[in-house]
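Colleague: need a 3D model of the following:
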Amino acid sequence: MQKAREERYPQHICTGLERLTGLALSDESHHYKKFQLLICASEISLQSGNLIGCINHAKNASKISVPDEYLFFAHLLLCRAYAAEDNRACLLEEYTRCLNLKTDYHIGLIGLKYIECRYGLEEANGNIIEKKFEECSKDIKYSWNAWMAILKLVQGLIAVWNRDFVGAEELLAQACSLNGYESCLFLCHDFLLLATGSLKKAKDICGAPLPILQLLLAQAEASLGYKDQWERNLQLEWLTWPPERRPSEIFLQMHLLLGPLDNDIHSASRTKSYQKNPLRWILQAIHLNPACSRYWRALQNLFGKK
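Modeller: Have a look, this model is predicted:
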């Protein structure tokens, strides 16, 4: 199963696993082992597009006498199958059963949270999954922060799906603050390094300055904490555009560059065009694109600091 998951369930592995689980299920001696095999068989069927097989295996698993914390996963699989089938009535029924079953497995609650938000099931139940998540996290104090960080990460991703970018920013910031610096949540640093490498190659290939390229590179360098490179690429991007066509994102980056450096605004390293108050930059960005909530949030943060 792990090999199939790593390779995104290729057909030849799924076919082999279906045969193996079919043979293993003929042994009726161990209830829990049979439950595990049925869950595996159901997952393989789901990944292979065999929804009827998935539902049948999951239903058989749900009839086995095992603790609720395990039974939860049979009903979670039924949720996923009915969602794929677009059977909302059965999806809601299985979703409710999952809520009524107690489980101490965080990953199961995270899976249920995805389904809840993807299919608009949260309105009737408020934040019940978050409460259950916090309750089962209390029993494992050594990893409470890690699991709560993952929950905030999931909520942040859901906010991005719903185009609530301001809310997503807050939730992702909470996720980072809850977990240690060695956390896998900070793997984005590696992706930023890859991004800067690719953008630098593109910049070297281009014979002339390419609009937006330096801006993207500036944003990546800023996220990595390289302020000098951030400023240098912003200057190059600024010169790439005629004054009347500069995009709003440049003005936001100018604002962010000056924002944390109030005591050094008149640094000799900056050109005259840089020697502006951060407020003027963000107001210009809002003027060019008033529909962008990020710009309004930046303005709010600026006044909040003052």
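
Colleague: on the three-state scheme, residue 103 is what?
Modeller: coil (DSSP: H, G, I helix; E, B strand; the rest coil).

Colleague: which non-adjacent residue is nearest the spatially most central residue of the chain?
Modeller: With distances taken as Cα atoms, centre = their mean, residue 157 lies nearest the centre of the chain, 3.5 Å away. Counting by Cβ to Cβ, 6 or more residues apart in numbering, the nearest residue to residue 157 once its immediate chain neighbours are dropped is residue 168, at 7.6 Å. In short, each C-beta sits where N, CA and C put it, glycine included.

Colleague: so which bits of the host helix or strand of the residue nearest to the centre of the chain are buried?
Modeller: Residue 157 belongs to helix 144-161 when assigned by DSSP states H and E. Across helix 144-161, burial judged by 16 or more other Cβ atoms under 10 Å covers 146-159.

Colleague: and the two most separated of the residues you listed?
Modeller: Pairwise distances across those peak at 20.4 Å for 146 and 159 (criterion: Cβ to Cβ).

Colleague: any idea how far residue 75 is from residue 63?
Modeller: 12 Å (Cβ to Cβ, to the nearest Å).

Colleague: now swap in residue 215 and tell me
Modeller: Residue 215 is 48 Å from residue 75, by Cβ to Cβ.

Colleague: low-scoring pLDDT stretches of the protein, where are they?
Modeller: The chain contains residues with pLDDT under 70 at 26-29, 123-126, 137-143, 179-191, 259-276, 305-306.

Colleague: domains for it, by residue range?
Modeller: The chain breaks down by automatic domain parsing into domains covering 1-103, 115-180, 186-301.

Colleague: for residue 109, find the nearest of the ones you listed.
Modeller: With Cβ to Cβ as the criterion, residue 109 lies closest to domain 115-180 of the domains of the chain, at 5.0 Å.

Colleague: just to revisit the earlier point, so whichever strand or helix holds the residue nearest to residue 157 versus helix 144-161, what angle?
Modeller: According to DSSP H and E, residue 168 maps onto helix 165-178. Calculated by axes from the mean of the first three to the mean of the last three Cα atoms, to 10 degrees, helix 165-178 forms an angle of 160 degrees with helix 144-161.

Colleague: ok, back up a step: reformat the domains of the chain into CSV and put distance to residue 109 next to each item.
Modeller: As requested, the domains of the chain are exported to CSV (distance: least, Cβ to Cβ, whole Å):
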stretch, distance to residue 109
domain 1-103, 7
domain 115-180, 5
domain 186-301, 23
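
Colleague: got a list of contacts for the host helix or strand of residue 5?
Modeller: In this assignment (DSSP H and E), residue 5 forms part of helix 2-6. Under the criterion Cβ atoms under 8 Å, 6 or more residues apart in numbering, residues 10, 13, 14, 17, 44, 47 lie in contact with helix 2-6.

Colleague: with adjacent residues omitted, what lies nearest to the second one?
Modeller: Read that as residue 13. Spatially, and ignoring its direct neighbours in sequence, residue 13 is nearest to residue 4 (4.5 Å; Cβ to Cβ, 6+ apart).
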